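> okay, predicted coordinates and the sequence, questions at the end:
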Amino acid sequence: MARRPRFDIEEAARLYLSGLNLEDVAEQVTSRRRVSSGTIRRHLIKAGVKMRRPGCPKGRIGPEPAIDIMIAMYRAGHSYRAIGDATDLSEATVWRRLRAAGEESRRPGKRPDPQPLVDVEWCRQMHAEGHSAEQIAEWLGVEPAVVAIQLPPTPG
């Protein structure tokens with residue numbers, strides 16, 4: 001029979017989702033007997049709380065970057081580092097995900113000049129006026145994913 005946690009799981013979830021790390025959550029939700037951060041993590045997972053990736057900035061819990069955006073940036077000539085900077089992933093993670101998606105690695109020294117980054121403010125203005133990312137990309141002559149990564153996330 002599973003033991004009940006010695007702390008308020010809803011309070012722990014609220015604190016974690018507000019951006020606190022597991023150590024800080026453990027410190028705040030336990031009173032007399034200290035509960036380990038591992039125990040807090042285990043109970044949060046059981047409660048269905050989406051955990052942040054290790055080393056991820058506080059509060060970054062949202063969806064993983066879409067592989068089509070990473071592929072479009074890679075094909076446009078951007079390096080693993082540039083893609084990682086744009087998606088908050090490490091170079092190694094970008095490389096693994098591109099490889100898993102079937103994207104072949106470029107030979108060393110054979111990287112094309114990256115497409116110039118688009119004017120972010122202009123793209124956002126056009127998007128706010130009702131134009132789609134595909135339409136903006138067509139005007140700029142770039143892949144739609146290159147424009148889409150510059151636009152604010154849609155609620156939902």
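Now that the structure is in, tell me what you want to look at.
> what about G102, which helix or strand?
Under the criterion DSSP states H and E, no helix or strand holds G102.
> ok, it to L20 distance?
Noted for G102: a distance of 39 Å to L20, by CB to CB, to the nearest Å. Quick note: C-beta positions are derived from backbone N, CA and C, even for glycine.
> which of the two has more neighbours?
Between G102 and L20, counted using other CB atoms under 10 Å, the more crowded position is L20 (18 against 7).
> so what's the more buried one closest to, chain neighbours aside?
In space, and not counting its chain neighbours, L20 is closest to Q28: 7.4 Å by CB to CB, 6 or more residues apart in numbering.
> what pLDDT does the one you found get?
In this model, Q28 is scored at 84, pLDDT.
> what's the host helix or strand of it in contact with?
Take DSSP H and E as the rule and Q28 turns out to sit in helix 22-29. Contacts with helix 22-29, where a contact means CB atoms under 8 Å, 6 or more residues apart in numbering, come from 7-8, 11-12, 15-16, 20, 34-41.
> show me where this structure dips below the pLDDT cut-off.
Counting by pLDDT under 70, the chain shows low-confidence ranges at 1-5, 31-33, 53-65, 109-118, 153-156.
> domain ranges for it?
What automatic domain parsing lists as the domains of the chain is 7-62, 67-148.
> re the thing from before, in the helix holding Q28, what counts as buried?
In terms of neighbour count (16 or more other CB atoms under 10 Å), helix 22-29 has its buried residues at L22, V25, A26, V29.
> this completes my enquiry, with thanks.
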